[in-house]
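Enquirer: my questions concern the predicted model and sequence given below.
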2 protein chains.
Amino acid sequence: MQFELTKDYIEELNTAVRDNIEAKVMELINGLHPVDIAEILEEQSTEEAKAFYFLLPEELGADALMELDEDTRERFLKEISSQDIAGKIINQLDSDDAADLIGELSEEKQDEVIGHLEDLEQASDIIDLLNYDEDTAGGLMAKELVKVMIDWDVATCIKEIRVQAEEVEKMYTVYVVDENNILQGRMSLKRLLLAPDKKKVKDIYNAELKLVKVDTPSDEVAQIMEKYDLVVIPVVDEIGRLLGRITIDDVVDVMKEEAEKDYQMASGISENVESSDSAWILTRARLPWLLIGLLGGILGARVIEAYEGEIQIHPEMAFFIPLIAAMAGNVGVQSSAIVVQGLANNSLGLDGLWKRLFKELLVGLINGIVLGVLIFAYNFFFSDSLTLSIIVSVSLIAVIVFAAIFGTLVPLMLDKYKIDPALATGPFITTVNDVFGLFLYLYIGYLMYAF
Amino acid sequence: MQFELTKDYIEELNTAVRDNIEAKVMELINGLHPVDIAEILEEQSTEEAKAFYFLLPEELGADALMELDEDTRERFLKEISSQDIAGKIINQLDSDDAADLIGELSEEKQDEVIGHLEDLEQASDIIDLLNYDEDTAGGLMAKELVKVMIDWDVATCIKEIRVQAEEVEKMYTVYVVDENNILQGRMSLKRLLLAPDKKKVKDIYNAELKLVKVDTPSDEVAQIMEKYDLVVIPVVDEIGRLLGRITIDDVVDVMKEEAEKDYQMASGISENVESSDSAWILTRARLPWLLIGLLGGILGARVIEAYEGEIQIHPEMAFFIPLIAAMAGNVGVQSSAIVVQGLANNSLGLDGLWKRLFKELLVGLINGIVLGVLIFAYNFFFSDSLTLSIIVSVSLIAVIVFAAIFGTLVPLMLDKYKIDPALATGPFITTVNDVFGLFLYLYIGYLMYAF
C-alpha cells in the first residue's frame, strides 16, 4: 500500500524526465500521493526536480511542494519565475498554504507573485493571512470554510453548502453565523442529512463549540485541539467574527515540532536539524551546547585544581571523579525531563512547588541511598580505604539529592518567567550539576581526610 | 474559553457532592467537556470521585472516564460493580473505547461485565476487538462506521446513511463496499450532497484510498496517517473485507506516546511516568539507568586506577577527566538523538551507512578541532605545561570523533536488528562514551609523558 522509494526508482524516473518521455513519467508516478512526490523531489538535484515538477499535474505538484522540507522548498522556488509561482502553484493551493509559501519568498518576489495572481479574492485572502504572526492561530488558519446563516432553513442550507463546497476541499464542519458574521455555533453534516427540509438552522444547530482567537499562540491551539480531540477549530477576531478555521493536519505538524524541539534540546541540539542536513548545518546545531560543556569542563578543571594537593596525596580520590560527575548529570536530566514533559502536556496537576520539591527530595534520597550502599559495598570489598568508601558514598547521596532538586527547580522557574523550560534540560543542567557535584565530592573528601 | 481547574473549584464541588446537592453540581459542571471532567476526577479521592461520577449524565461520565490516566481509571473501576460498568458505562461508549476499557479489567471482571451487556451486537463487537493485539490497527479501530453498497443510487445512499449515522458519533467518511463487504473505496459527504439523486455510487465514488491491515503495528498506522494527513483510515482483513476504522484522535495519542517514550529514554527514564506519579513509581523509573551509570562510573574508576602512577606524578592530568568524560557523553547523545529522530520520522533519506558515517566523521572532526583549539588556547595561557595542553586537545578531538561515530552507529545497528533504537540514547551511550573517552585520554597522556 505504502510507496517505497528506492535508488533504482529515482534513476529510472530521472532518465525518463531527462529524455522528456511524459508517458513513462506518468506511469511511474501513477497513484502517488503528494507526500510521495515530495520524497522524490527531496532526492533529486534542483535541475532534475525542476524538470520533473513541470511534467506533473499542477495540483499534484503544488500539493507536493507544500510537503517538502522548508529548506528544499526555498531552494526550489528560487529557480521558478514569479509568474509560474502565481499561475501554476499558488492558484492550486488553499489560502493557508498559499500564504505560508509566499511568506517564505523574498520581499521583492512576494510582491511580484501577488501582482501576478489572477483571482483577486484569493490575493486579498493571502494578503490578510500574511499579516498574522506565523506562530499564532492566524498564521495557521485557512480562509476556506463553509458557513450558513442562522435564520436559513435546511433546504437553503443544503443549496448554499453545495455552492460553497465547490471551493473547499474538505468541509468537516458547517459553521453557523449571524448577519454580522459573528460565529454562533456549528451544524454537523450528519444532522443536516437527518433533518427535514423545512426545519430552521436555529432549531437544529449546536451552539456549543470550541474556538480560538486569531492571536492565540499556535502551541496553545495545538493543546486545545489535542485535549478536546478536535479535527477542526474555528478562528474568530476580537468581537467574535468568523475569520477562518484550523485543521488537525496543520496542528499535528505543530505538535510534532514542539515534541522534536524538546527532544533536541534535551539532546543538546540547538536548531531543528535532520540527519539529512549538511555536515555544516549539523555542526552549527551541535557546537553551541558543546561550548557550554567545554566551559563546564574548564570550571571542573579549576575545581579539581583547587584540590590538587589532596589528589597528590590521595590519588584514589581521582578514580571516582567521573562517577560523581556522571551521576549528577544523569539525575539532573531525569528530573528536569519529567518537569519539562509535565509542563508541555499540562499534566503537572495542582501540587504546589514545595510539595513537588519534597517529592523530588524523597526520590533523590531513595535513589541516592540505594546507589550509595551499592558503591559502598563495592569500595569496601575492592579498595582498602574505609575513609574513601565513606567519602564516595556520602558525596554520591548528597550529589544525587542536590541534582534532583536543582533539576526540578530550574525548569519550573524558567517556566514561571515565561522562558522555554526545555532550555533547562540537556547539557545546561548536566554541566551545572557536574561542576557542583565535583566540588561537593572534593570538599567532602578534603574534610574527611583532614580529620 | 478553556476550563481552568482550581483548588477552590474542587472544594466547592466536593462539598456539593458530599451534601448531595445535585442542582449545585450540575451548575458547577455546566458546559464542561469530558476532558475537563476527567481533570476533576484526577484531583478527587476515589470516594469523592465515585460519588461525583454517579451524579453525572451517563454519556458525559463514560466519555470522561476514557480521558482519565490509565492508572486512575483502573483504580476507579475497581470500586464500580460489573453491572454498573456494563449498564452505565460500556453502553455509552464506542466499541473501541469499550474494548479498551474492558481490556483493562481483571479476567474475571471482564467476563462478568460482558455477561451483563444487554446489546448483543455490542457485546460481540467488543469480544471481536478484544482479540486484537492492542499495539495493532485492530486494537485501535472502532467497529462503528457508515458504509454503502457500490450498486446503490444516491437516494438510497442518503436514506441508508441516515439510518446508520444514528449509531455513529462522527461520520468522517462513507465507505463503499461490494456485496462481500470487500472495501472498494470511499464517498465523501460533500460529493454526495453535490450529486443528483439518480446517480449510482459506482459512478461517483473514489476508488483511491489509503487503508491498513488489521495486523499493521499501531506506530505504522500513526506514521501513515500523519504522512498523508488522514483524519480517518479504514481497516481491512487479509482478503480486503472492511472491519473498522481508526480516527486521528486515537492516533494522536499513539504519536504522543511514541514521542514521549523516545524523550524519556533519552533522559534516562525507563517507564512512562508523569510528574504526578508517586515517589515510588518515579524512583523505580529512574533507578535502572542510574545503575548503568553507576556501573560505568565503577569501570571509569578502574580505568583511572590503572593509571594511578601517572596521576600521582602528573596530578594535573586529573583536572581534565570531567571535561573529557562530559564531552564524550554530550557528543554521543547528540549523534544518537539525530539518528533516532530520523528513524522515528522515516526521514533518513536514501544515504547508505558509509556515507552517513563519513558525514558524522566530518561533523565530529569540525566540532573536535574547534573545541580542541579553544581548550589548547586556554591551557596554553593558564597552565605552564605544553605537554598537558597537547594531550588534552588531541584526546578531546579523538574522543569527539569516536563518540560521534559510535553514537550514529549504535542506533542504526539496533534498528537493523529490530531493537528500539531509542535504547541507544541517554545513559547507555553516555556511559560507554565516558569510559572509552577516559581510557583514550589517559592512554594518550601515558604515551606523551613516556616520551
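Expert: Noted; the coordinates are in hand. Being a predicted model, the structure only gives us computed values, none of them experimental. Numbers count the residues shown, from 1 in each chain, chains lettered A, B, ... in the order given.
Enquirer: so where do the strands sit in the stretch 101-250 of chain A?
Expert: A:146-149, A:174-177, A:183-187, A:212-213, A:232-236, A:242-247 (DSSP state E, counting those that start in this stretch).
Enquirer: what lies in contact with the fourth one?
Expert: So that's strand A:212-213. A:137, A:220-221, A:224, A:233-238, A:246, B:1 (CB atoms under 8 Å, 6 or more residues apart in numbering or on different chains). No exception for glycine: its C-beta is placed from N, CA and C like everyone else's.
Enquirer: what about the spatially closest residue to residue A:259 that is not a sequence neighbour, neighbour count?
Expert: Residue nearest to residue A:259 in three dimensions, not counting chain neighbours: residue B:259, with 4.0 Å by CB to CB, 6 or more residues apart in numbering or on different chains. The tally of other residues near residue B:259 (other CB atoms under 10 Å in any protein chain shown) stands at 21.
Enquirer: check residue A:76 too.
Expert: Neighbours of residue A:76 (other CB under 10 Å): 18.
Enquirer: list the contacts for it?
Expert: Here residue A:76 is in contact with A:41, A:46, A:49-50, A:53, A:65, A:68 (criterion: CB under 8 Å, 6+ apart).
Enquirer: what do you get for residue A:171?
Expert: A:146, A:161, A:165, A:189, B:189-190.
Enquirer: hmm, 7 Å instead?
Expert: A:146, A:165, A:189, B:190 (CB atoms under 7 Å, 6 or more residues apart in numbering or on different chains).
Enquirer: tell me the one among those nearest to residue B:113.
Expert: Among the contacts of residue A:171, residue A:189 lies closest to residue B:113 (CB to CB), at 34.5 Å.
Enquirer: tell me the residues of the stretch 51-200 of chain A that contact chain B?
Expert: By the rule CB under 7 Å from any CB of the partner chain, the part of the stretch 51-200 of chain A lying against chain B is A:158, A:161-162, A:165, A:171, A:189-190, A:193-194.
Enquirer: what is the closest residue to residue A:96 other than its chain neighbours paired to in the beta sheet?
Expert: Leaving aside its sequence neighbours, residue A:96 sits nearest to residue A:142 (CB to CB, 6+ apart; 3.7 Å). Beta-bridge pairing of residue A:142, defined through DSSP bridges, involves residue A:245.
Enquirer: what about residue A:142, how many neighbours?
Expert: 23.
Enquirer: doesn't residue A:94 make contact with it?
Expert: Yes - counting by CB atoms under 7 Å, residue A:142 touches residue A:94, with 4.9 Å between them.
Enquirer: how many neighbours does the nearest residue to residue A:380 once chain neighbours are set aside have?
Expert: Using CB to CB, 6+ apart and skipping the chain neighbours, the partner closest in space to residue A:380 is residue A:389 (5.2 Å). Neighbour count of residue A:389, defined by other CB under 10 Å: 19.
Enquirer: tell me the buried residues in the strand or helix carrying residue A:389?
Expert: Element membership of residue A:389, judged by DSSP states H and E, is helix A:386-416. Within helix A:386-416, the residues that count as buried by 16 or more other CB atoms under 10 Å in any protein chain shown are A:388-412, A:414-415.
Enquirer: check stretch A:119-128 too.
Expert: A:122-123, A:125-126.
Enquirer: got the residues you listed as CSV, with pLDDT columns?
Expert: Shown next, in CSV, are the buried residues of stretch A:119-128 (pLDDT from 0 to 100):
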residue, pLDDT
A:122, 85
A:123, 89
A:125, 89
A:126, 90
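Enquirer: neighbours of residue A:106, how many?
Expert: Residue A:106, neighbours per other CB under 10 Å, totals 11.
Enquirer: returning to that earlier point: elements contacting whichever helix or strand the residue nearest to residue A:259 is part of?
Expert: For residue B:259, the host element (DSSP H and E) is helix B:248-266. If you count contacts as 3 or more CB pairs under 7 Å, 6 or more residues apart in numbering or on different chains; DSSP states H and E, helix B:248-266 packs onto helix A:248-266, helix A:321-345, helix B:218-227, helix B:321-345.
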